[in-house]
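In: model this:
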Amino acid sequence: RRRVTPLWGRPRGRNDRAGLVDIVKPSSSFRNTKLGELSVVSFNMLAPSYHWIGKEEGTDKGEQMDRNIRIPMSIETAKRTNADILCLQEVEGGQESYETALKEKLKSDVVVDGNTTIGGYDKYVWTSLCPHRAGDVVGLCMAWRSKKHMLVSIDCFRRGMVVQMVEKETGATFCIANVHLPAKPGEIQSRLDVLTTVIRKIEECEPPTHMESPLDGTMVICGDFNSDSNSVAMNLLKTGRCNHGKVKDRSFKAKVSKEKAFGMRHEFRFRDVYNHRSVRKLAAPVTVCMGGREPSVKDQMVYASAYQNDEPFIDWIGGKRSRRDRSKLRSTQATTAGDSIVSSSPIRVESVFATVDPQDPHRSQVIAAGLPNVQEGFPSDHLPIGALFTPEPTYGDTTPPAFSKFHPLYDNLEDVPAAKRRKSSPNKPHSGLSFQAVRRRNEYSQSVIRKRRHNAMLRAISDWLVKRGATDLLRDVPLYKWHWTEGVGGTMKNKLRAPDLACILHNNTLVIVEVTVANKLDLVRKQKLDKYSDLQGLLQQTDKVTEAGVTVAEPMIVVVNEDGEIPKSTLRDLTRLALLSGTTNVDKATREATRMCKTLSKMVVEATYGSP
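Out: Down below sits the predicted model:
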């Protein structure tokens, strides 16, 4: 269990590597980060147009005054934190005058304590809260310093943005999501929808590069959640699921259908940076205090890693759960949402940014009286929150994992260190469990591993093909639901015939891909080919395929051994996929397929034997 220190501004020493969480005073700044470290701050700046809503007289004059005084002060407050990444909400942009002013304010340096200079942010991205609404100038902004990080991709949508960045010196990639969820307390479903979109956008980002950096695969979601840390929205991020039926958030209720609940599930397990109750109580008991309302916690920041060993939560939609399943449900929720969760992530929270200071009672009195209060140095009704992420103390102390030197075409299990091999427990009772209980637990654990491996491989191949122009992507869809097979009967109606992946590639070619992990590679490949051997001929005879001028390729089987060994048949099929995707040179296609083989090999080894 990680310990929490109640000390403020404590000098950092060797004990900090033991898992202590520092609290950075509101008047202080994060230290300069090293390679493999990252600091992120989130701050809602309160847009001038929102500040003057409902005020009939002097609205235009008041908004202009905000732009001249309060907004520059808000940006300076955010820059004073010295974070690597700034996630700002309710920022005006989209017009040349706003964009020019924003760029100048972000780029300028800040002098603190009279002699310390904090560098500005020379790169930023901005998007409207509602991108499809013309003329909306209030939006989200993310700023960073180009000397350390570089933008890889950005995906903007209603009330959110997902940005993938790379650490220049190590090549490690990580994702940052900046959101502003709907404010009305009763809009529970809308907040869940935005967070679901965030998760799906993160899943669509490029997979981790497997660089030797703890930041590789890190994910951070932050912003104005307009809900507390125990809300339905936060539980979706922490547990990876949402109950169907009536859900309650504070005194408001919403009805979530089974289909909606099923569509929200994900395999990530995000953690609140203010995870420990003592840290929340000491550092950030309040993040917003609008005039006339009580102080509350509405701004949140959570993080996760693609290399966590947490088992994905598996829900049962419909049907009667057994007592063992209900017990498993309770234990999973308690383990995931509890404050004493044991992290297997390669990163940890070294320090968090405080919103209050016990040694400064006047600050708490000003906040309680209502914000903003420019005279007292509070330009917004929100307060900035943030965290500094550093490597776990054990990161880099162990022997490098097997997959870092794994050759997908030749190596086998003998190259995997014995300590990394995940063996099944012998069927003997322990802790009072029967033989049957131990066997069931082992079977469940193996089923989770198989599902994790399969999903990781399928997602990687899908992303690989999409980047090469694949369209009409279908994943795990039965044949009778394909629009190419409408009106066709026979074996097409068999619900068990659902290829893992189907899409249209270059030159209007329809490809079918099956993905699997097994020990008997040749046998499984033959079974898969037999299962879909007639599919090419059947599809060529359908009216939809003929009218569209689609050419159907032979089914391709991507099979990988549990130990990461990849047969030459898989390399051959991946090379065919690269050629069908538009690569004209055979040697180049082979190199691309070989790189994909290495990626798949690493994924399988990680899922089977655990992350490094």
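
In: where do the strands sit along the stretch 1-150 of the chain?
Out: Along the stretch 1-150 of the chain, the segments classed as strands by DSSP state E, counting those that start in this stretch run 22-24, 38-44, 85-92, 110-112, 116-118, 123-128, 138-144, 149-157.

In: residues of the fourth one that come out buried?
Out: Applying a neighbour-count criterion of 16 or more other CB atoms under 10 Å, the buried positions in strand 110-112 are residue 110. For glycine as for every other residue, the C-beta is placed from the backbone atoms N, C-alpha and C.

In: what pairs with it, and is each one parallel or antiparallel?
Out: Here strand 110-112 is paired, per DSSP bridges, with strand 116-118 (antiparallel).

In: could you give the mean pLDDT of the partner strand?
Out: If you average the pLDDT over strand 116-118, you get 90.

In: Same check on stretch 205-214?
Out: 76.

In: gap between the two ends of stretch 260-268?
Out: End-to-end span of stretch 260-268 (CA to CA, to the nearest Å): 18 Å.

In: before we move on, what about stretch 280-288?
Out: For stretch 280-288, the end-to-end distance is 14 Å (CA to CA).

In: Let the chain start at 704 from now.
Out: Okay, residue one is now 704; in that scheme the one you just asked about reads as stretch 983-991.

In: Show residues contacting it.
Out: 707, 709, 726, 747, 927, 932, 977, 998-1002, 1055-1059, 1061, 1070, 1074, 1084-1086, 1088 (CB atoms under 8 Å, 6 or more residues apart in numbering).

In: circling back: can you tell me which of the strands of the stretch 704-853 of the chain is packed in deepest?
Out: strand 741-747 (a mean of 28; mean count of other CB atoms under 10 Å).

In: Quick one: list the elements packing against that strand.
Out: Under the contact criterion of 3 or more CB pairs under 8 Å, 6 or more residues apart in numbering; DSSP states H and E, strand 741-747 touches helix 774-782, strand 788-795, strand 876-883, strand 921-927, strand 1002-1008, strand 1088-1094.

In: cutoff 6 Å now
Out: strand 788-795, strand 921-927, strand 1088-1094 (3 or more CB pairs under 6 Å, 6 or more residues apart in numbering; DSSP states H and E).

In: quick one on the thing from earlier: show me how to select, in PyMOL, the buried members of the contacts of stretch 983-991.
Out: Command for PyMOL that selects the buried part of those, burial taken from 16+ other CB under 10 Å:
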select buried, resi 707+726+747+927+932+977+998+1000+1001+1002+1055+1056+1057+1058+1059+1070+1074+1084+1085+1086+1088
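
In: Same list, the strands of the stretch 704-853 of the chain, but as a markdown table with distance to residue 1167 please.
Out: As requested, those are arranged in a markdown table below (distance: least, CB to CB, whole Å):
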| stretch | distance to residue 1167 |
| --- | --- |
| strand 725-727 | 41 |
| strand 741-747 | 27 |
| strand 788-795 | 28 |
| strand 813-815 | 43 |
| strand 819-821 | 41 |
| strand 826-831 | 26 |
| strand 841-847 | 27 |
| strand 852-860 | 15 |
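
In: For burial, what's the neighbour tally of residue 1010?
Out: Using other CB atoms under 10 Å, residue 1010 has 19 other residues around it.

In: My understanding was that it contacts residue 920; is that so?
Out: Yes - using CB atoms under 6 Å, residue 1010 is in contact with residue 920, at 5.4 Å.

In: I'd like to know how many residues surround residue 817.
Out: Residue 817 has 5 neighbours, counted by other CB under 10 Å.

In: Next: residue 1225.
Out: Neighbours of residue 1225 using other CB under 10 Å come to 11.

In: one step back: present the helices and strands packed on strand 741-747 as a markdown table; the columns should include mean pLDDT.
Out: As requested, the helices and strands packed on strand 741-747 are exported to a markdown table (pLDDT from 0 to 100):
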| stretch | mean pLDDT |
| --- | --- |
| strand 788-795 | 97 |
| strand 921-927 | 96 |
| strand 1088-1094 | 96 |
